[in-house]
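Participant: Next come a sequence and a model predicted from it.
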Amino acid sequence: MLRKLFVVFCLLSLFMSSKALWALTLNGAGATFPYPLYSKWFSVYKEISGVQINYAPIGSGGGIRQFTAGVVDFGASDAPMTDAEIKGAGGDVLHIPTVAGAVAVVYNLGEEGLKLDGQTLARIFMGEITSWDDEQIAKLNPDLRLPKRKIVVVHRSDSSGTTDIFTNYLTKVSARWAAKVGAGKSVAWPTGIGGKGNPGVAGVVKNTVGSIGYVELAYSETNKLPVVAIKNKSGKFVLPSVEGATAAMKGGLKNLPSDFRGEILNQPGADVYPICGLTWLLVHQNQVNEEKKETLKSFLRWAVTDGQKYAAQLFYSPLPEDLRTKVLSTIDSIR
Amino acid sequence: MIKGDTIFRKISFVLALSIPLLFCGLFFVVLWESRLALKTFGFSFFFRSAWDPIKGDYGVLPFIYGTFVSSLLALVIAVPLGLGCAIYLAEVTTTKFKEWLATMVDLLAAVPSVVYGLWGIFVLGPIFGFSLMNAGVLLAIMILPTITSVSREVLQAVPESLRESARALGATRWETVRLAVLPPAASGIIGAIILGLGRAMGETMAVTMVIGNRPEISLNLFAPAYSLSAVIANEFAEAVSDLNYSVMVEVGLTLLFLSLVVNGLARFLVWKTSSQGRIQ
């Protein structure tokens, strides 16, 4: 009996060690925002190439921490690393933009077709406009019958890339917001209720008449919440969409620094949706392990070319053609 | 034989010791990781209302308030309900219905807290808003099975002879419970309540989903508030800067400390009531 067990054990360990030897594995950790797309990518890519990629969606902060500590082969973040953080991680960090996402402003009023501009949005989220029948809102929406109802602001309670994009936008369009609140993944909100995660905000908005909040595009689409058309830089009111964020990347291309650590908020262009942001994979330019380097490079190449076709169905915006070319040459610089 | 006993004693000693060691380890890691926040804010961290991650200004008083009041609300609702249910189960009914009811109560404990949270959003949300009250009611339901089951066990452990003596003296059923059953069970029931309180104070997911997450102290129970565990759940994952990270760990330290204080108080209460019981 014991002998048998021993043989089984030996065979099993042999099998497992051989598998570990032959299967290439990459480990990553970070942002939760692109996780649905990434997990799709990793499963498709495994079928194509046999490469196993493990990804822990622990949040951008955790991703940067683990990447800096060298625990994972790549990190993922919705906010670029700061110069100090890059220095702390060895100085050779490359930011590879993978997709962009739009942040939708959703509300619950019993009326559809609300239009707002950035300044009004900032004043609402600062608690300066407190009722739906406010003059400033009415001026933008002459066709709507706005009720005399208290505005309930709903924001994310957890620290998140979505909040970072949204508050950066408000900072960009409103000097008062910039001075009073500022931008970040988590800010001192002047007013409102906090909902946990996108589902939390969507849930609170759905159950609170008179509320207004912001969620990732995927959540406004799947929850069938009414969305606000936001006035873009060209003066047009645009609803959030996959195409709107791709247009923003196109519009922001020449302003984007060569290391891609920039934003694509409030870009010029008629079709541009103004509130959107990029998400990045973080990799070291100098790789130690030759085999791992090649695996990583071919995955990244695949992700920004063939992989892009999976983006739109999950409500992420694929990179525009000219940006892809630039990103590919950055990937080629990994050595 | 003697040798075997020595080995047994040593092994069990090591196993027993590992738990306090684990706790001390946990405590020191938390203390160590929060040193930056402790140094930056000192003791004022615990007595200030400030939460501005951009300016790096932190104070946890609103969170302590939220944790405390929501748990207290939960107790105020759950103790009469849970105790009533336990008394009914242990002292009043003896039918098949009892088994069924007891199972139903235990089932409440098996529901994951995310499900409670969702229920809080969709059912309690429209009634109470996203507020301390919502969190309190939700927590009450969540700690109900703990209080009920433990109290029932305690009541059932009261010797039958006490009940018989009371009845022999002509006591009604209510008088039997009040005079013969509840006093010897009191310390155990307090223990059950403490267990429930512990669960309420530590509950994270469900509370985060319904409390409104606003770091403000408001005496209005229908205003949004925040709790210690909720803020950790919300911000820890994305805490990038060293100070922010350290602050999150210090919030954990605060919660640990608060639980210790409450637990200590509870032990004292149990000890007080049980020693009083003995004198009588």
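Facilitator: Received the coordinates, thanks.

Participant: ok, now which ones touch residue 217?
Facilitator: By default, I'm working from chain A. A:Leu217 is in contact with A:Gly101, A:Ala102, A:Val103, A:Ala104, A:Pro240, A:Ser241, A:Val242, A:Ala245, A:Phe315, counting by Cβ atoms under 8 Å, 6 or more residues apart in numbering or on different chains. Backbone N, C-alpha and C define where each C-beta goes, glycine included.

Participant: right idea, wrong chain: chain B
Facilitator: Contacts of B:Ile217 (Cβ under 8 Å, 6+ apart): B:Ser49, B:Leu61, B:Pro62, B:Tyr65, B:Ala225.

Participant: what does B:Leu26 give?
Facilitator: B:Leu256.

Participant: Quick check: which element contains it?
Facilitator: Using DSSP states H and E, B:Leu26 maps to helix B:2-33.

Participant: what's downstream of that helix, the next helix or strand?
Facilitator: Counting by DSSP H and E, the next helix or strand C-terminal to helix B:2-33 is helix B:35-41.

Participant: Kindly spell out which helices and strands sit in contact with the next helix or strand after that next one.
Facilitator: The helix or strand immediately downstream of helix B:35-41 is strand B:49-52, counting by DSSP H and E. The contact analysis (3 or more Cβ pairs under 8 Å, 6 or more residues apart in numbering or on different chains; DSSP states H and E) places strand B:49-52 against strand B:57-60, helix B:61-87.

Participant: what helices or strands is the shortest one leaning on?
Facilitator: The helices and strands touching strand B:57-60, judged by 3+ Cβ pairs under 8 Å, 6+ apart, are helix B:35-41, strand B:49-52, helix B:242-279.

Participant: Need the nearest residue in space to A:Lys250, chain neighbours excluded.
Facilitator: Once flanking residues are discounted, A:Lys250 sits nearest to A:Pro320: 4.6 Å by Cβ to Cβ, 6 or more residues apart in numbering or on different chains.

Participant: Also A:Lys233?
Facilitator: The shortest distance from A:Lys233 to any non-neighbouring residue, by Cβ to Cβ, 6+ apart, is to A:Pro268 (4.9 Å).

Participant: same deal with A:Gly184?
Facilitator: Closest residue to A:Gly184 apart from its sequence neighbours, by Cβ to Cβ, 6+ apart: B:Ile54 at 4.8 Å.

Participant: Correct me if wrong: that neighbour contacts A:Ala188.
Facilitator: Yes: contact criterion Cβ atoms under 8 Å: B:Ile54 and A:Ala188 qualify, at 6.9 Å.

Participant: Now for the two: what residues contact both?
Facilitator: Listed contacts common to B:Ile54 and A:Ala188 are A:Val181; contacts here mean Cβ under 8 Å, 6+ apart.

Participant: Which residues does stretch B:117-137 contact?
Facilitator: A:193, A:195, A:200, A:203-204, A:207-208, B:66, B:69-70, B:72-74, B:76-77, B:138, B:205-212, B:221-225, B:227.

Participant: Name the residues of chain A found near chain B, please.
Facilitator: Taking Cβ under 8 Å from any Cβ of the partner chain as the criterion, the neighbours of chain B within chain A are A:32, A:58-62, A:64-65, A:85, A:157-161, A:181-189, A:192-196, A:200, A:203-204, A:207-208.

Participant: repeat that for 6 Å
Facilitator: A:58-62, A:64, A:157-159, A:182, A:184-188, A:193-194, A:196, A:200, A:203-204, A:207 (Cβ under 6 Å from any Cβ of the partner chain).

Participant: Mind checking which of those residues land in strands?
Facilitator: Counted as lying in strands by DSSP state E, out of the residues of chain A next to chain B, are A:Ile193, A:Gly194.

Participant: Which ones among the residues of chain A next to chain B map onto helices?
Facilitator: Among the residues of chain A next to chain B, the members falling in helices (DSSP state H) are A:Ser60, A:Gly61, A:Gly62, A:Ile64, A:Gly200, A:Gly203, A:Val204.

Participant: Return the residues in contact with the fourth one.
Facilitator: This means A:Ile64. Contacts for A:Ile64 (Cβ atoms under 6 Å, 6 or more residues apart in numbering or on different chains) come out as A:Gly75, A:Ser77, A:Met81, B:Val240.

Participant: thinking again about what came up before, tell me the angle the helix holding B:Leu26 makes with helix B:242-279.
Facilitator: Counting by axes from the mean of the first three to the mean of the last three Cα atoms, to 10 degrees, helix B:2-33 lies at 130 degrees to helix B:242-279.

Participant: Distance-wise, check A:Gly244 relative to A:Ala100.
Facilitator: Using Cβ to Cβ, to the nearest Å, A:Gly244 is found at 10 Å from A:Ala100.

Participant: Comparing those two, which residue is more hemmed in?
Facilitator: The neighbour comparison of A:Gly244 against A:Ala100 (other Cβ atoms under 10 Å in any protein chain shown) goes to A:Ala100, with 28 against 23.

Participant: Report the secondary structure state of the more buried one.
Facilitator: Under the three-state scheme (DSSP: H, G, I helix; E, B strand; the rest coil), A:Ala100 adopts strand.

Participant: just how off-centre is stretch B:245-261 within its chain?
Facilitator: Distance of stretch B:245-261 from its chain centroid, counting by Cα atoms, centre = their mean, to the nearest Å, is 16 Å.

Participant: Kindly apply the preceding question to stretch A:227-241 instead.
Facilitator: Offset of stretch A:227-241 from its chain centre (Cα atoms, centre = their mean): 19 Å.

Participant: ends of that stretch, how far apart?
Facilitator: 11 Å (Cα to Cα, to the nearest Å).

Participant: Show me what that stretch is in contact with.
Facilitator: The contact list for stretch A:227-241, computed with Cβ under 6 Å, 6+ apart, reads A:102, A:104-106, A:114-117, A:217, A:220, A:244, A:266, A:268, A:270, A:272-274.

Participant: I'd like the list of the residues you listed that fall within strands, please.
Facilitator: A:Ala102, A:Ala104, A:Val105, A:Val106, A:Lys115, A:Leu116.

Participant: What's the per-residue pLDDT of the closest residue to A:Ala312 other than its chain neighbours here?
Facilitator: In this structure, A:Ala312 finds its nearest non-sequential neighbour in A:Val242, 4.9 Å apart by Cβ to Cβ, 6+ apart. pLDDT for A:Val242: 93.

Participant: Compute the number of surrounding residues for residue 31.
Facilitator: Because you didn't say which chain, this covers chain A. Neighbour tally, A:Ala31, other Cβ under 10 Å: 30.

Participant: Please refer instead to chain B.
Facilitator: Per other Cβ under 10 Å, the neighbour tally for B:Leu31 reads 14.

Participant: Give me the distance between the closest residue to it other than its chain neighbours and B:Met201.
Facilitator: With sequence-adjacent residues excluded and distances taken as Cβ to Cβ, 6+ apart, B:Leu31 is closest to B:Leu253, at 6.5 Å. Separation of B:Leu253 from B:Met201 (Cβ to Cβ): 14 Å.

Participant: Which one of those two is surrounded by more residues?
Facilitator: B:Met201 (24 against 21).

Participant: sec struct for that one, please.
Facilitator: Taking three-state DSSP, the label given to B:Met201 is helix.
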